[in-house]
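Chemist: here's my sequence, what's the structure:
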Amino acid sequence: MPDIISVHGLTTVIIKYMSTSKTIIFIILGVVIIGGAVFAINRYVLNDNYLVNNTNTPIENSNTSAPNINQSNENINQAQQAQVVEVEFLGGLSVDDLSFLKKPENYMRLLQRQRICDNLALGAEKDYCLAGLALQQVLILDQPTWCDQLILRDDCFSNFALQRNDLQLCEAIADTELKNHCVDYVVNNQARQQNNLALCYDINNEIFQSACLDGVISNQDDLSFCDSNTVVNNDLQDRCQSIILMNRAINSHDQSVCLRIPLADYKQSCLNEI
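Modeler: Take a look at the predicted model:
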């Protein structure tokens with residue numbers, strides 16, 4: 001699995017079509033909010049800055065030896081051997097977990113982080129770096145239950161929540177702002193996947209909520225969707241029809257479809273686009 005949830009992993013919130021219309025402006029603004037949320041959620045992961053804690057005591061790192069990739073190489077002198085870097089694994093790992101982390105593809109990723117940490121002077125910066133190594137191991141093992149043993153447990157839960165699209169993991173986050181970002185993001189994904197506009201109204205941020213609505217509508221091609229109770233009760237019919245017709249017109253390169261759009265700004269944008 002990847003070390004972190006990257007912005008590339010958020011493509012579920014990117015709109016289906018790019019245009020200069022009011023629709024796209026709203027969606028782009030929403031994407032900016034999403035990007036900002038994910039950037040905040042992953043701020044320590046991306047900077048290799050993490051601390052590890054088990055209640056009030058940091059998780060112990062064991063100096064379990066690295067796989068001896070160069071065992072057959074007898075030409076390494078003692079000075080070179082002294083410089084060999086070994087990954088500091090989390091304490092308390094099971095044999096199976098340790099074996100999984102020692103798989104070459106996993107171990108090399110961890111070793112790269114370890115080398116960065118070892119080049120830092122002793123102090124808070126190095127502590128954060130080594131703690132980032134610990135979090136990276138938890139992510140590789142795909143075990144959110146380990147998050148509670150990290151000082152930056154919120155960031156750990158956020159990563160798993162976004163990866164799994166799981167609101168329960170968002171609820172485990174203590175920081176209110178981070179939790180809200182997590183919930184908004186996951187709800188947006190669920191609304192689009194389920195074609196459920198009603199879910200968008202569970203999003204607190206108005207711009208993000210608007211982007212969610214436009215995103216769900218943009219996935220539709222049948223105008224009857226605009227007759228649903230959620231659309232009618234929230235006075236979204238004209239907006240719904242405008243988005244669907246504009247998408248149809250752009251797909252078919254048919255300006256006559258643009259002329260059926262009820263909202264003037266969408267209609268003009270549609271005509272300009274084709």
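
Chemist: you'd agree Pro262 is up against Gln241?
Modeler: Yes: Pro262 is in contact with Gln241 according to Cβ atoms under 8 Å; the separation is 5.6 Å. C-beta coordinates here come from the backbone N, C-alpha and C atoms, glycine included.

Chemist: which residues in this protein form strands?
Modeler: Counting by DSSP state E, the segments of the chain that form strands are 61-62, 89-90.

Chemist: what is the last one packed up against?
Modeler: Think strand 89-90. Packed against strand 89-90 by the contact rule (3 or more Cβ pairs under 8 Å, 6 or more residues apart in numbering; DSSP states H and E) you find strand 61-62, helix 124-141.

Chemist: show me which residues of stretch 182-199 are buried.
Modeler: Neighbour-count burial for stretch 182-199, with 16 or more other Cβ atoms under 10 Å as criterion, is recorded at 182-192, 197, 199.

Chemist: of all the residues you listed, which two lie farthest apart?
Modeler: Between any two of the buried residues of stretch 182-199, the greatest separation by Cβ to Cβ is 21.0 Å, found for Cys182 and Leu197.

Chemist: domain boundaries for this protein, per the record?
Modeler: Here the domain assignment for the chain is 1-46+152-215, 51-147, 220-274, based on automatic domain parsing.

Chemist: thinking again about what came up before, more neighbours: which of Pro262 and Gln241?
Modeler: Ranked by neighbour count (other Cβ atoms under 10 Å), Pro262 and Gln241 place Gln241 first, with 21 against 13.

Chemist: ok, back up a step: as a markdown table, the helices and strands packed on strand 89-90 with distance to Asn204 would be great.
Modeler: Below are these laid out as a markdown table (distance: least, Cβ to Cβ, whole Å):
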| stretch | distance to Asn204 |
| --- | --- |
| strand 61-62 | 39 |
| helix 124-141 | 28 |
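
Chemist: buried deepest among those, which one?
Modeler: Highest mean neighbour count of those: helix 124-141, a mean of 21 (counted as mean count of other Cβ atoms under 10 Å).

Chemist: can I get that one as CSV, trimmed to CA atoms?
Modeler: The C-alpha coordinates for helix 124-141 follow below in CSV (Å, rounded to 0.1, in the frame of the first residue of the first chain):
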residue,chain,number,x,y,z
ALA,A,124,13.3,17.3,18.2
GLU,A,125,13.8,17.2,14.4
LYS,A,126,15.3,13.7,14.5
ASP,A,127,12.7,12.5,17.0
TYR,A,128,9.9,13.7,14.6
CYS,A,129,11.6,12.0,11.7
LEU,A,130,12.0,8.6,13.5
ALA,A,131,8.4,8.9,14.6
GLY,A,132,7.4,9.4,11.0
LEU,A,133,9.2,6.1,10.3
ALA,A,134,7.0,4.5,12.9
LEU,A,135,3.9,5.9,11.3
GLN,A,136,5.0,4.7,7.9
GLN,A,137,5.3,1.2,9.3
VAL,A,138,1.7,1.4,10.6
LEU,A,139,0.5,2.5,7.2
ILE,A,140,2.3,-0.3,5.4
LEU,A,141,0.9,-2.8,7.8
